[in-house]
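Visitor: Sharing a model that was predicted from the sequence below.
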Amino acid sequence: MFALLGTNGAGKTSTVEVVEGLSRPAAGTVSVLGHDPFRERSLVRPRVGVMLQEGGFPPDLTVTETTKMWAGTLTSPRPVDEALSLVDLAHRASVRVKQLSGGERRRLDLALALLGKPEVLFLDEPTTGLDPESRRNTWELIRSLLREGVTVLLTTHYLEEAQALADRLAIMHRGRIVAQGTVSEVVDAYPARISFVPPAGVPLPVVSDVDASGRVTVRTNNLQETLYELLAWAHANSVELSGLDARSASLEEAFLAIAEEAA
Amino acid sequence: MRAVAVGQAELKLFWRNRTALFNSLVLPLLIVPALMAVDADGEPLLVGLVGFVLVMAVYYNLVTTFVARREELVLKRLRVGELTDPEILFGASLPSVVVALGQMALFAVIVGVATDASLPSRPWFLVMGVVGGVVMFVLLAAASSAFTRTVEMAQVTTLPVLVACLIGSGLFFPMSVVPEGVATVLRLLPLTPVLDLVRASWDDGPVLRPLTVLAVWIGLGTYAVRRWFRWDPRR
């Protein structure tokens, strides 16, 4: 799985739409399964599944009718019931689409994307609007697809989703990729943080930033050493570090740092 | 055929849409007395009804269908699947076209029974006129939908074609009552050649010019759809 992350308006969806073959690239070339997805649509489409950021369903069709309609357009579809059970929608089969909740609609969209047994799956924010349980179930479903050998291109706002599922990822900002690699490669480029509020007027042994509320943030590439140093110093001098918080770099830290740097 | 799956779904939606049902099934029945009052003869009445069905059941209904499906993001969704663009348009048009052909057949039976209309002597021109007319109005509807932001706006954006066709194409009066110069212009309207062809299957009228005008409109419609048709809403 490759995950595409980015600030709002960074161009994730535009990028994905070009890769899906919905729009023609302004410059450069795109290749999906060895073909141009825009010009050789008929060669690429039978082998890919697409979940758009916003699913387009006629509100007055039922879940089953919608899925059957989609199956009718595919070369080798899964059985409709199977696709609906994959996303836990079997019990809502005879409900009209307009009566579905936002999360159920996302799952219907995912069912349609899976209906053609795709080799490559495009998921544009697949878990937006899902409750935590449905999100976990969707993650499990995606993991099992990955195990079966399906390639997934994911865009998401949830950084923990990318961290949990992605093999590789890229972070976009204002139309450009600003960081890419495996999760640990991207994360390791950013320092860990220690923050706390020291008593007033005490000189600190480490380099730090202080914000308006007096909270101190220390950035370090060696969390263990720096934290030890700091705690040993505090202990020796009987200094209380209130609200102490130490965290290793996470995707969230990396993402925020990128958004901040660029702002 | 894959596009039929879309057509079947559209047909279900059509049955669940009261406005579309009314426009397609009730409105044409209301026009029968109006046309009968103008001209009680069999063939002109049938010609007028064919024109009316093409404009209302095919053109007007399809503009609203295309706009509704675009704004619901259905067209965009269909476009990420395996169907080609023409297949999507064909599938979405299918129910309106089927209903329109059904209406025409029904009217033909009604008029045939109620008046002493004869069978056409050259039925192939009737077929060409109807088929050509359907294709042309599907294309014009797709083109008009590009300039229609919402379903409600369709009432306004379809007016030019509706007015031009209903008033200018000899639906309510024969071409012979207008001055020759005006008639020449009116013959270039999209519906006029269709009606001329349908009429020609009874009265041996000229067919070359209407066939040419119809072909040009189909060409223009195809160009307009390729150039302007929108698959997703303006954001």
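Guide: Sure thing, it's come through.
Visitor: Which residue ranges of the chain form helices?
Guide: Answering for chain A, as no chain was given. A:12-20, A:41-44, A:63-72, A:80-86, A:102-115, A:132-147, A:159-165, A:183-188, A:223-236, A:251-262 (DSSP state H).
Visitor: you looked at the wrong chain, it should be chain B
Guide: B:3-15, B:18-21, B:27-38, B:42-53, B:61-71, B:74-79, B:85-114, B:123-145, B:154-157, B:159-168, B:180-186, B:191-203, B:208-228.
Visitor: Those: which one's closest to chain A?
Guide: helix B:3-15 (2.4 Å; Cβ to the nearest Cβ). Backbone N, C-alpha and C define where each C-beta goes, glycine included.
Visitor: residue ranges with poor pLDDT in the chain?
Guide: Answering for chain A, as no chain was given. Within chain A, the ranges that satisfy pLDDT under 70 run A:262-263.
Visitor: To clarify, I was referring to chain B.
Guide: Residues of chain B that meet the cut-off, pLDDT under 70, sit at B:32, B:34-41, B:172-174, B:235.
Visitor: For the single nearest residue of chain A relative to chain B, which non-adjacent residue is closest in space?
Guide: Relative to chain B, the nearest point of chain A is residue A:72 (2.4 Å; Cβ to the nearest Cβ). Excluding the flanking residues, the one nearest residue A:72 by Cβ to Cβ, 6 or more residues apart in numbering or on different chains is residue B:5, at 2.4 Å.
Visitor: do residue A:241 as well
Guide: residue A:196 (3.9 Å).
Visitor: so who does the residue nearest the centre of chain B touch?
Guide: The centroid of chain B falls nearest to residue B:54 when counting by Cα atoms, centre = their mean (2.7 Å). Shown in contact with residue B:54 (Cβ atoms under 8 Å, 6 or more residues apart in numbering or on different chains): B:100, B:130, B:133-134, B:137, B:191, B:194.
Visitor: Near residue A:11, how many other residues are there?
Guide: 17 (other Cβ atoms under 10 Å in any protein chain shown).
Visitor: again, but for residue A:246
Guide: Neighbours around residue A:246, by other Cβ under 10 Å: 17.
Visitor: Relative to residue A:229, how far out is it?
Guide: From residue A:246 across to residue A:229, the span is 12 Å (Cβ to Cβ, to the nearest Å).
Visitor: same question, residue B:103
Guide: 87 Å.
Visitor: Could you list which residues are in contact with residue 11?
Guide: As the question left the chain open, I've gone with chain A. Contacts of residue A:11 (Cβ under 8 Å, 6+ apart): A:172, A:174-175.
Visitor: Please refer instead to chain B.
Guide: With Cβ under 8 Å, 6+ apart, residue B:11 has these contacts: B:94-95, B:98.
Visitor: make it 7 Å
Guide: residue B:95 (Cβ atoms under 7 Å, 6 or more residues apart in numbering or on different chains).
Visitor: sorry, back to before: okay if I get the helices of chain A as a markdown table plus mean neighbour count?
Guide: Formatted as a markdown table, the helices of chain A follow (neighbours: other Cβ atoms under 10 Å in any protein chain shown):
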| stretch | mean neighbour count |
| --- | --- |
| helix A:12-20 | 20 |
| helix A:41-44 | 17 |
| helix A:63-72 | 22 |
| helix A:80-86 | 18 |
| helix A:102-115 | 22 |
| helix A:132-147 | 15 |
| helix A:159-165 | 19 |
| helix A:183-188 | 17 |
| helix A:223-236 | 14 |
| helix A:251-262 | 16 |
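Visitor: and of those helices, who's closest to residue B:231?
Guide: helix A:12-20 (11.1 Å; Cβ to Cβ).
Visitor: Please see if that closest one touches chain B.
Guide: Yes. Counting by Cβ under 7 Å from any Cβ of the partner chain, chain B is contacted by helix A:12-20 at residue A:20.
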